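Student: Got a sequence here, can you build the structure:
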Amino acid sequence: MVLGVSHRPATPKGNHDPVPDRAPAAAPASVAAREPAQPPQAVLFDFQGTLTQVEDAVTWVREAAHSCGTELDRSRATVIADRLVTAGRAGGPVPCRVPPQLAEVYADRDLYPEAHRAAYTGLAQTVDCGVDGLAEALYARLLSPTGWVPYTDTVPTLKALRAAGVPVAIVSNIGFDIRPITAQHGFADLIDAFVLSYEVGRCKPDPAIFQQACGLLGVDPERVLMVGDSPADAGAVAAGCRALIVPAAPPGGTNGIGAVLDLAGL
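Tutor: Numbering: from 1, shown residues only. You can find the predicted model right below:
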């Protein structure tokens, strides 16, 4: 079952049909006997776009350039940032085109750290930025906790789940260790398990990655809720979990993951 943070009420029907000459058939047993969904006993969260977001692209470029000894004004940094995001930024939109020489490492980016680095530094190098060493500096920002901004409801939601005794795992398609990022932003101790694609050799929406997370938490998939922001996260349904898909939001904003607490009866 895939849930959303909001829903549209059903359109009322008119009462213009003729009265039937016999009683309508009973609803199928599977529908008539359906019980309300039970609160989840565990919650899985996506990382990027759900608990936290990469920093603003212009800030990303200016700070990386600064580390290379170059100061960029905002207008120039904006132009470069737009080009880099279009070329392909980790945590950003999927690039429209991946150069043939990067196709293999891009396909493997979430399975091997070296492929992740080669893919995203390679994509950045396709943009003429005029700053020596910028591609590597941009990637270093991605690995640094300062390059990430949690959503405002991330820590309060995780604290409420911990207080209620609901175990939590992060399930992420990613090519590097995010534990230092969660530690720096104050929620590493609120996570019971990390299931990262490059460590387990599986990527969402493969049901196996969700099943592994459920196993680590010791909860059957049908009692687990997956929270994410993409169709890959909704792949948890194939593993037997329920899924809550939240909308995209800018860094530091609110994206609605607090709805988890309502679903958990908290």
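Student: Show me which positions of the lengthiest helix in the chain end up buried.
Tutor: Criterion DSSP state H: the longest helix present in the chain is helix 74-88. Using 16 or more other C-beta atoms under 10 Å as the burial criterion, the residues of helix 74-88 that qualify are Arg76, Ala77, Ile80, Ala81, Leu84, Val85, Thr86, Ala87, Gly88. Every C-beta, even on glycine, is put in place using the N, C-alpha and C of the backbone.
Student: looking at it, the fourth one is touching Val58, isn't it?
Tutor: By that I understand Ala81. Yes - in this structure, Ala81 sits in contact with Val58. The criterion is C-beta atoms under 8 Å, and the distance is 4.9 Å.
Student: Who are the contact partners of the spatially closest residue to Arg74 that is not a sequence neighbour?
Tutor: Take Arg74 and drop its neighbours on the chain: the residue closest to it by C-beta to C-beta, 6 or more residues apart in numbering is Val58, 6.5 Å away. Residues touching Val58, when contacts are defined by C-beta atoms under 8 Å, 6 or more residues apart in numbering, comprise Arg74, Ala77, Thr78, Ala81.
Student: Rebuild the residues you listed as CSV, extending it with distance to Thr126 and pLDDT.
Tutor: What follows is these, written out as CSV (distance: C-beta to C-beta, whole Å; pLDDT from 0 to 100):
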residue, distance to Thr126, pLDDT
Arg74, 23, 96
Ala77, 18, 96
Thr78, 18, 97
Ala81, 14, 96
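Student: Nearest to Gln48 among those?
Tutor: For the contacts of Val58, the closest approach to Gln48 (C-beta to C-beta) belongs to Ala81, at 17.7 Å.
Student: Distance check, the closest residue in space to that closest one that isn't next to it in sequence against Arg74.
Tutor: Sequence neighbours aside, Ala57 is the residue nearest to Ala81 in space, at 4.0 Å (criterion: C-beta to C-beta, 6+ apart). Here Ala57 is placed at a distance of 12 Å from Arg74 (C-beta to C-beta, to the nearest Å).
Student: Poorly predicted segments of this protein, please.
Tutor: Judged against pLDDT under 70, the low-scoring parts of the chain cover residues 1-37.
Student: And it, what are its domain boundaries?
Tutor: 42-53+148-263, 55-146 (automatic domain parsing).
Student: What is the end-to-end distance of the last one?
Tutor: The one in question is domain 55-146. End-to-end distance for domain 55-146, by C-alpha to C-alpha, to the nearest Å: 8 Å.
Student: Kindly report the same for the longest one.
Tutor: In domain 42-53+148-263, first residue to last residue: 11 Å (C-alpha to C-alpha).
Student: quick one on the thing from earlier: just confirm the residue nearest to Arg74 is within a helix.
Tutor: Yes - with DSSP: H, G, I helix; E, B strand; the rest coil as the criterion, Val58 is assigned to a helix.
Student: circling back to that earlier point, my read is that the residue nearest to Ala81 contacts Gly91, right?
Tutor: No - contact criterion C-beta under 8 Å: Ala57 and Gly91 do not qualify, at 9.6 Å.
Student: can you list contacts of the longest helix of the chain?
Tutor: With C-beta under 8 Å, 6+ apart, helix 74-88 has contacts from 57-58, 60-62, 65, 72, 92-96, 98, 106, 119-120, 123-124, 126-127, 129, 138.
Student: Sweet, I'm off.
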